[in-house]
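Enquirer: Predicted model and sequence follow; I will ask about them next.
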Amino acid sequence: MREIISSIEAEYRRYKILGEGAIRQTREDELSRAGDNNGNSIAVLVWHISGNLKSRFTDFLNADGEKPWRNRDAEFESHPGVTSTQLFERWNEGWVVLFSALQSLSDTDLLRTVTIRGVHFQVHEALHRLLAHTSYHVGQIVYLAKSFRGSEWKTLSIPLGKSEQYNRDPTLEKLS
């Protein structure tokens, strides 16, 4: 049975789509632009999300989620001149590892134990923790992209002033 795992996987897919929608609205010269007060750029956030997903979900049930081959600090280095093609290649590397690991899980695995940086978690705890971490950074990507686009931003959720319409028929596709 995969009801809970499928639900978690669906949330990850939602955040992947949200991040991609934001990145697609960003010009290439903005991908490496740092946020206010020297915050992370979209490129840095993509490198970090991808590195985190690859490390955590490679051999998820058996090996510590912080792999010795991961260089977390390098994920936060600037990426001047990165193209959207390069960015999406890096982005997808992490998501492929995540979805492959989730595909192999069933709800009976949720009470098993995994390790992240030497700390033991039940699988359900690790999955929720990692989903929250990913959604946090996807939110930062959306915020940056929206700040770059300003009034040209195309909403990725329910458009302002359309809440009642959406509530009557809750499908985003019909509001586009």
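Expert: Looks like it came in fine. Numbering: from 1, shown residues only.

Enquirer: make it CA atoms for all contacts and neighbour counts henceforth
Expert: Will do.

Enquirer: Could you list the low-pLDDT ranges of this protein?
Expert: The chain contains residues with pLDDT under 70 at 171-176.

Enquirer: Count the neighbours of the residue nearest to Gly94 when sequence neighbours are not counted for me.
Expert: Among residues not flanking Gly94 along the chain, Ser50 sits closest, at 4.1 Å (C-alpha to C-alpha, 6 or more residues apart in numbering). Neighbourhood size, Ser50 [other C-alpha atoms under 10 Å]: 24.

Enquirer: Wasn't Ser50 part of a strand?
Expert: No - under DSSP: H, G, I helix; E, B strand; the rest coil, Ser50 sits outside any strand and is assigned helix.

Enquirer: dump the residue contacts of it.
Expert: Counting by C-alpha atoms under 8 Å, 6 or more residues apart in numbering, Ser50 touches 90-95.

Enquirer: at 10 Å instead, please
Expert: With contact taken as C-alpha atoms under 10 Å, 6 or more residues apart in numbering, Ser50 is in contact with 44, 56, 75, 89-98, 134.

Enquirer: In this structure Ala145 contacts Ile42, no?
Expert: Yes - Ala145 sits in contact with Ile42 when judged by C-alpha atoms under 10 Å, with a separation of 7.9 Å.

Enquirer: Which one's more surrounded, the two?
Expert: Neighbour count, other C-alpha under 10 Å: between Ala145 and Ile42, Ile42 has more, with 30 against 25.

Enquirer: is it true that Pro29 touches Ile23?
Expert: Pro isn't right for residue 29; it's Asp. No - using C-alpha under 10 Å, Asp29 makes no contact with Ile23, being 11.9 Å away.

Enquirer: Give the residues shared as contacts by these two.
Expert: Common contacts of Asp29 and Ile23, defined by C-alpha under 10 Å, 6+ apart, comprise Ser84.
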